[in-house]
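Got a sequence here, can you model it:
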Amino acid sequence: MGKSTVATMFRDLGVPVFDADAAVHALQGPNGALLPAIEAAFPGTTGPAGLDRAALRDRIFDDPDARRRLEAIVHPAVAAERQRFLDTHAAAPLVVLDIPLLFETGGDARCDSVAVVSAAPDIQRARVLARPGMTESAFAAILATQMPDGEKRARAHHIIRTDTTIGATQVQVAALVACMVPGEGG
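Below is the predicted model:
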């Protein structure tokens with residue numbers, strides 16, 4: 001949908017952004033804090049370079065119980081990182097939490113306002129399939145774990161369209177910051 005690009009736009013406007021995916025990668029990277037627990041639960045999925053994502057994906061892909069075990073390891077650690085971020089930026093008038101599956105995990109209940117980044121289905125598909133190693137079946141699996149975009153948009157307080165020009169998306173982000181930050185036009 002362009003979530004990372006929009007997060008960068010917020011950062012460029014001086015808004016602190018918590019990137020949940022980056023937190024997960026750090027926790028699972030070389031010497032990551034989660035490696036011992038993941039290795040204990042899923043032997044052979046970690047090494048000196050950190051988590052072997054392909055090996056772990058093979059272990060949990062068709063196993064809901066294994067996925068839940070992994071989530072029980074990862075989610076509390078990411079929540080702790082998110083809380084550290086919020087504590088660090090407590091004085092900021094606005095922060096952004098860049099969190100995949102926010103609605104699906106109930107994370108929206110912890111947010112004052114939710115902005116959904118959205119693009120037309122054909123543009124979303126083209127962007128995802130352009131990623132290295134992405135296949136049609138992997139794309140279908142990703143979509144199967146997500147709430148439909150229309151439902152996300154219906155539940156959001158704000159929608160940022162990314163199926164337009166970068167400049168038009170920047171205007172939307174700047175307008176949102178202006179309406180949410182006291183003294184910035186809102």
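
Going along the chain, name the helices of this structure.
Along the chain, the stretches classed as helices by DSSP state H are 3-12, 20-28, 35-41, 53-60, 64-88, 121-129, 136-145, 149-155, 166-180.

Out of the ones you listed, the one nearest Leu101 is which?
Nearest of those to Leu101, taken as C-beta to C-beta: helix 136-145 at 7.0 Å. Any C-beta I mention is one placed from the backbone N, CA and C, and that applies to glycine too.

Give me the angle between the closest one and helix 53-60.
Relative orientation of helix 136-145 versus helix 53-60 (axes from the mean of the first three to the mean of the last three C-alpha atoms, to 10 degrees): 60 degrees.

Leu94: which of the helices of the chain is closest?
Of all these, helix 166-180 comes closest under C-beta to C-beta, at 5.3 Å.

mean confidence score for that closest one?
Helix 166-180 shows a mean pLDDT of 95.

quick one: buried residues of the helix-or-strand element of the chain with minimal mean pLDDT?
Ranked by mean pLDDT, DSSP states H and E, the weakest helix or strand in the chain is helix 136-145, scoring a mean of 77. Buried residues in helix 136-145, counted by 16 or more other C-beta atoms under 10 Å: none are found.

between that helix and helix 64-88, what angle do the directions make?
Using the same axes, to 10 degrees, helix 136-145 lies at 70 degrees relative to helix 64-88.

Who are the packing partners of helix 136-145?
helix 121-129 (3 or more C-beta pairs under 8 Å, 6 or more residues apart in numbering; DSSP states H and E).

buried set for the helix it packs on?
Those would be Gln124, Arg127, for helix 121-129 by 16+ other C-beta under 10 Å.

angle of that helix against helix 3-12?
Going by the same axes, to 10 degrees, helix 121-129 makes 90 degrees with helix 3-12.

All set now, cheers.
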